[in-house]
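**Student:** just coords:
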Ligand SMILES: CC(C)(COP(=O)(O)OP(=O)(O)OC[C@H]1O[C@@H](n2cnc3c(N)ncnc32)[C@H](O)[C@@H]1OP(=O)(O)O)[C@@H](O)C(=O)NCCC(=O)NCCS
């Protein structure tokens, strides 16, 4: 096995952002039959549109490449299993994962030509990526119906148009990132928890769904490209510590380019759970 990422630290969360352009079509088509497992190959074969297949292949080559860099397990040998709700996990090989890769968690998101993957140790992560320029004629107002009353009221107070669309998509990606970290996805009612946003400071308040604790999580928002929004939900580790460092990698990781440090979020206001609202 190759050595594990030399800078891997227990408290580092890695974000790996990769546009589809980061892995050209002939290369992804060449790698896919060797790197992807049967489930991934079957899924790739089911897409009706070539652009969707291409997105899937880049995203899944990215997952396998990053897991290989993080664990030393060759891309084709990583065994992925999926929960009953479809959340993928890395299965430890018979001898166990190397020290620096124990308790590794990861999450993937892809949308309209962009992919992002989050990796952490000893804590759960969830990530979501969306594009502001893909609202179409309907805009983003329709997603607001699924939000909590406090969020709907906040959005109603913003002028319709760019500012409200951005706030809507920020809330949407935060909700998805949290729901994906929990492994529940859209199975978690989006009105059962809520965020308070500040335009400069990001998430300033979080009201979790019943049964969860607002202090357990921290949230990061990023714009890796002007119209691209990424939200990350990171759990505190088992000993209660927040992540010590968040690193952003850009492009397909053939080598080990130096990542960019992302400022750690300030603590948010922990609001009491919404009792009786879901989850
Ligand atoms: C997870 C979910 C929110 C994804 O939403 P999305 O915005 O369309 O897609 P994203 O690009 O952000 O994320 C997709 C990736 O999330 C991961 N994922 C899938 N299910 C997940 C879950 N329950 N929790 C966390 N991550 C999940 C996968 O890696 C998936 O990529 P892949 O399909 O290429 O492997 C949505 O598909 C969902 O709610 N799934 C759960 C469905 C369910 O409960 N099924 C029950 C049994 S059928």
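**Tutor:** Here it is on my side, so go on. It should be emphasised that the depicted structure is a prediction, and the values quoted were computed from it without experimental measurement.

**Student:** tell me the phi and psi of the residue of the chain found nearest the ligand?
**Tutor:** Closest contact between the chain and the ligand, by Cβ to the nearest ligand atom, is at residue 185 (2.4 Å). C-betas here are computed from N, CA, C, even on glycine. Per-residue torsions, residue 185: phi 60, psi -140 (degrees, to the nearest 10).

**Student:** Please name the nearest non-neighbouring residue to residue 108.
**Tutor:** In space, and not counting its chain neighbours, residue 108 is closest to residue 117: 5.0 Å by Cβ to Cβ, 6 or more residues apart in numbering.

**Student:** Likewise for residue 66?
**Tutor:** The spatial neighbour of residue 66 that comes closest, neighbours along the chain excluded (Cβ to Cβ, 6+ apart), is residue 16 at 5.0 Å.

**Student:** who's in contact with whatever helix or strand that neighbour lives in?
**Tutor:** Here residue 16 sits within strand 12-19, counting by DSSP states H and E. Strand 12-19 is contacted by residues 58, 62, 66, 70, 113-121, 123, 125, 127, 222, 224-225, 230, 232, 234, 243-253, 259, 262 when judged by Cβ atoms under 8 Å, 6 or more residues apart in numbering.

**Student:** Mind checking if it is in reach of the ligand?
**Tutor:** No: against the ligand, strand 12-19 shows no contacts by Cβ under 6 Å from any ligand atom, the least distance being 13.0 Å.

**Student:** got it, and stretch 109-117?
**Tutor:** Yes: using Cβ under 6 Å from any ligand atom, stretch 109-117 reaches the ligand at 109, 110, 111.

**Student:** before we move on, back to that, and the strand holding residue 16, average pLDDT?
**Tutor:** For strand 12-19, mean pLDDT rounds to 97.

**Student:** Can you give me the buried ones in the helix or strand following it?
**Tutor:** Using DSSP H and E, the helix or strand that directly follows strand 12-19 along the chain is helix 25-35. Applying a neighbour-count criterion of 16 or more other Cβ atoms under 10 Å, one finds 28, 31, 32, 35 buried in helix 25-35.

**Student:** just stretch 209-219 next, same as before
**Tutor:** Per 16+ other Cβ under 10 Å, stretch 209-219 contains these buried residues: 209, 212, 214, 216, 217, 218, 219.

**Student:** Next to the ligand in this structure, residues from the stretch 51-200 of the chain, please.
**Tutor:** With Cβ under 6 Å from any ligand atom as the criterion, the stretch 51-200 of the chain meets the ligand at residues 56, 59, 84-88, 107-111, 128, 176, 180, 183, 185-187.

**Student:** which of the residues you listed count as buried?
**Tutor:** Members of those classed as buried by 16+ other Cβ under 10 Å are 56, 59, 87-88, 107-111, 128, 176, 180, 183.

**Student:** Any regions of the protein where pLDDT drops low?
**Tutor:** Low-confidence segments of the chain (pLDDT under 70): 1-9, 136-137, 276-279.

**Student:** which helix of it spans the most residues?
**Tutor:** In the chain, taking DSSP state H as the definition, the longest helix is helix 50-71.

**Student:** so after it, what's the next helix or strand?
**Tutor:** By DSSP H and E, the next helix or strand past helix 50-71 is strand 79-82.

**Student:** got a list of contacts for that following strand?
**Tutor:** 37, 39, 63, 88, 89, 90, 91, 93.

**Student:** Helix or strand next in line after that strand, which one?
**Tutor:** strand 88-91.

**Student:** Which strands border the next helix or strand after that following strand, and is each parallel or antiparallel?
**Tutor:** Using DSSP H and E, the helix or strand that follows strand 88-91 in sequence is strand 104-111. Note on strand 104-111: by DSSP bridges, its sheet partners are strand 114-121 (antiparallel).
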